[in-house]
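# here are the coordinates; sequence isn't available:
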């Protein structure tokens, strides 16, 4: 289970919280800012994988994403996958263009079904191999704590 910590809301932020700021943070790959603005990690709901390829003992899953869905900037990300049964898996995700979203599974087997994909951090300066990317994502996910925001009340 992922640990949690309470993060204070910033009502004193002069620029405010808006969908435009969230989209801008995503476009820049700033997952920390997107999480602070949303109050939770940016998420996508996956459908079944369109294609699955094995590469160096890892599995690359390709998903279609609705054209209207905002996506993070192209790049590599640490992702937590949550299944409907509550099981969570850590993975590395790569966004290349608007679609598809490509995920490298953490296990030596393919996974099926629908997942909630939580983008927890951008992986900058990671080596170029899928194994390097996978290892970096696991390290980030292992030290990550889920932010818990207190009710904002009236602003």
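Perfect, I can see it now. These numbers were taken from a predicted model, which means no experiment stands behind them.
# where does residue 24 land in three-state SS?
Classification of residue 24 by DSSP: H, G, I helix; E, B strand; the rest coil places it in helix.
# sorry, that was for residue 92
Secondary structure, three-state DSSP: residue 92 is strand.
# i'd like the first residue to be 714 from this point on
Sounds good: first residue 714 from here, last item residue 805.
# now do it against residue 764, distance only.
Separation of residue 805 from residue 764 (CB to CB, to the nearest Å): 17 Å. C-beta: built from backbone N, CA, C; applies to glycine.
# please say which of the two ends up with more neighbours.
Between residue 805 and residue 764, residue 805 has the larger neighbour count (other CB atoms under 10 Å), namely 28 against 11.
# which ones are touching the spatially closest residue to that one that is not a sequence neighbour?
In this structure, residue 805 finds its nearest non-sequential neighbour in residue 850, 3.5 Å apart by CB to CB, 6 or more residues apart in numbering. Contacts of residue 850 were listed using CB atoms under 8 Å, 6 or more residues apart in numbering, and they are 789-792, 803-806, 817, 819, 836.
# could you redo the last one with a cut-off of 10 Å?
Going by CB atoms under 10 Å, 6 or more residues apart in numbering, residue 850 touches 789-793, 803-806, 816-817, 819, 833-834, 836, 839.
# and stretch 733-752, which residues are buried?
Judged by neighbour count using 16 or more other CB atoms under 10 Å, the buried positions of stretch 733-752 are 734-735, 738-739, 742-744, 747-751.
# could I get the contacting residues of the most centrally placed residue in the chain?
For the chain, the residue sitting closest to the mean C-alpha position, by CA atoms, centre = their mean, is residue 832 at 1.3 Å. Taking CB under 10 Å, 6+ apart as the criterion, residue 832 is in contact with 739, 742, 744, 747-748, 754-757, 784-785, 790-793, 806, 808.
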